[in-house]
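[1] here is a sequence together with a model predicted from it:
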Amino acid sequence: MSQPSRLRPLKLEELLRRNVWDVDEERHIEILRQDGLPQKALQLLCPMGCYSMAGDKLLMSYEGCVECGTCRVLSTPQQIRWEFPKSGRGIQYRYT
Ligand code: SF4
């Protein structure tokens, strides 16, 4: 007798891969000032790995952003300009 198939819980990476991005050519998040930025925290806590180092400079890639707001909380408006993408652009969550 065969076992009934079991649904296995999905990993976060698998869930995120289901989403779709309509990336705007205009960035919605921008580093304005490097000094005082919590570089390590931004690299570790952005769930999509949007922050990386190039030498001693922090870089930000907005294309895979899931708009969670973590980097907004970790910085000041003088350090990082943070806006939602234009209406209809950015991440489109898929829940199924
Ligand atoms: S809003 Fe979230 S996903 Fe987007 S760059 Fe900031 S921390 Fe990363």
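    Received it, and whenever you're ready, just let me know what you need. Numbering: from 1, shown residues only.
[2] CA atoms for contacts and neighbours, from now on please.
    Will do.
[3] which element is the residue positioned nearest the centre of the chain on?
    With distances taken as C-alpha atoms, centre = their mean, residue 65 lies nearest the centre of the chain, 2.9 Å away. Using DSSP states H and E, residue 65 sits in no helix or strand.
[4] for this structure, give me the ranges with low pLDDT.
    1-5 (pLDDT under 70).
[5] which residues in it form strands?
    For the chain, the strands defined by DSSP state E occupy 20-22, 29-31, 51-54, 57-60, 80-82, 90-92.
[6] the first one close to the ligand?
    No: counting by C-alpha under 6 Å from any ligand atom, the ligand has no neighbours in strand 20-22; the shortest distance is 12.3 Å.
[7] off-centre distance for that strand?
    Taking C-alpha atoms, centre = their mean, to the nearest Å, the mean C-alpha location of strand 20-22 is offset from the chain mean by 12 Å.
[8] can you tell me the strand partners of that strand and which way each runs?
    Take DSSP bridges as the rule and strand 20-22 pairs in its sheet with strand 90-92 (antiparallel).
[9] show me which residues of the chain sit near the ligand.
    Contact residues (C-alpha under 6 Å from any ligand atom) of the chain with the ligand: 46, 47, 48, 50, 65, 66, 67, 68, 69, 70, 71.
[10] report the contact partners of residue 45.
    By C-alpha atoms under 8 Å, 6 or more residues apart in numbering, the contact set of residue 45 is residue 70.
[11] and for residue 23, nearest residue in space, chain neighbours not counted?
    residue 90 (5.1 Å; C-alpha to C-alpha, 6 or more residues apart in numbering).
[12] got a list of what that neighbour touches?
    Shown in contact with residue 90 (C-alpha under 8 Å, 6+ apart): 21, 22, 23, 24, 63, 65, 66.
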